[in-house]
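Q: Return atomic coordinates for the entry below.
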Amino acid sequence: QLQLVESGGGLVQPGGSLRLSCAASGFTSDYYAIGWFRQAPGKEREGISCISGSRDSTNYADSVKGRFTISRDNAKNTVYLQMNSLKPEDTAVYYCAAVGLFRLCVLENGAYDYWGQGTQVTVSS
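A: Down below sits the predicted model:
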């Protein structure tokens with residue numbers, strides 16, 4: 001059974017850092033693009049970063065570009081999202097998702113087939 005599990009969320013002060021992990025099981029994630037999405041209260045879920053299965057392609061939303069970095073360790077079937085210079089507006093539930101793309105990735109919600117349960121990130125002093 002294909003499963004994605006996020007971890008690494010928590011409470012952090014503005015300007016701080018967190019690293020989120022997305023552990024995949026039940027499939028070989030090498031052939032899947034993984035995306036990170038977030039949803040703040042009262043807002044729609046937005047795509048913030050993704051990485052192709054081949055690791056050749058990454059994309060970032062303008063809101064996180066230069067602050068967040070996505071990476072993947074295919075040997076561990078895990079994708080990471082390093083989040084630096086966090087702001088209160090980064091507060092949201094963060095989700096990872098998978099879709100069968102090898103050479104590219106996209107940030108559209110509707111493109112992804114499999115989703116994790118989410119992890120809460122709160123940026124507050």
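
Q: Okay, and C22 sits in which element?
A: strand 18-25 (DSSP states H and E).

Q: Tell me what A97 is bridged to.
A: G35, W115 (DSSP bridges).

Q: I'd assumed C50 was in contact with F37.
A: No. Using CB atoms under 8 Å, F37 is not in contact with C50; the gap is 9.0 Å. Every residue, glycine included, has its C-beta placed from N, CA and C.

Q: Looking at those two, which is more packed in?
A: Just comparing F37 and C50: by other CB atoms under 10 Å the higher neighbour count belongs to C50, 28 against 24.

Q: Restrict the helix or strand harbouring the more buried one to CA atoms and write it as PDB.
A: Here C50, judged by DSSP H and E, is contained in strand 46-51. Only the C-alpha atoms of strand 46-51 are listed here, as PDB (Å, rounded to 0.1, in the frame of the first residue of the first chain):
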ATOM      1  CA  GLU A  46      -1.000  25.900  -2.300                       C
ATOM      2  CA  GLY A  47       1.900  24.100  -3.900                       C
ATOM      3  CA  ILE A  48       5.200  25.500  -2.600                       C
ATOM      4  CA  SER A  49       7.900  23.100  -4.000                       C
ATOM      5  CA  CYS A  50       8.400  19.900  -5.900                       C
ATOM      6  CA  ILE A  51      11.100  17.700  -7.200                       C
END
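
Q: Now it: buried residues?
A: 46-51 (16 or more other CB atoms under 10 Å).

Q: Run through who's touching that strand.
A: 33-39, 57-61, 63-64, 68, 70-72, 79, 81, 105-109 (CB atoms under 8 Å, 6 or more residues apart in numbering).

Q: and the strand holding C22, average pLDDT?
A: Per-residue pLDDT over strand 18-25 has a mean of 96.

Q: With stretch 80-97 instead?
A: 98.
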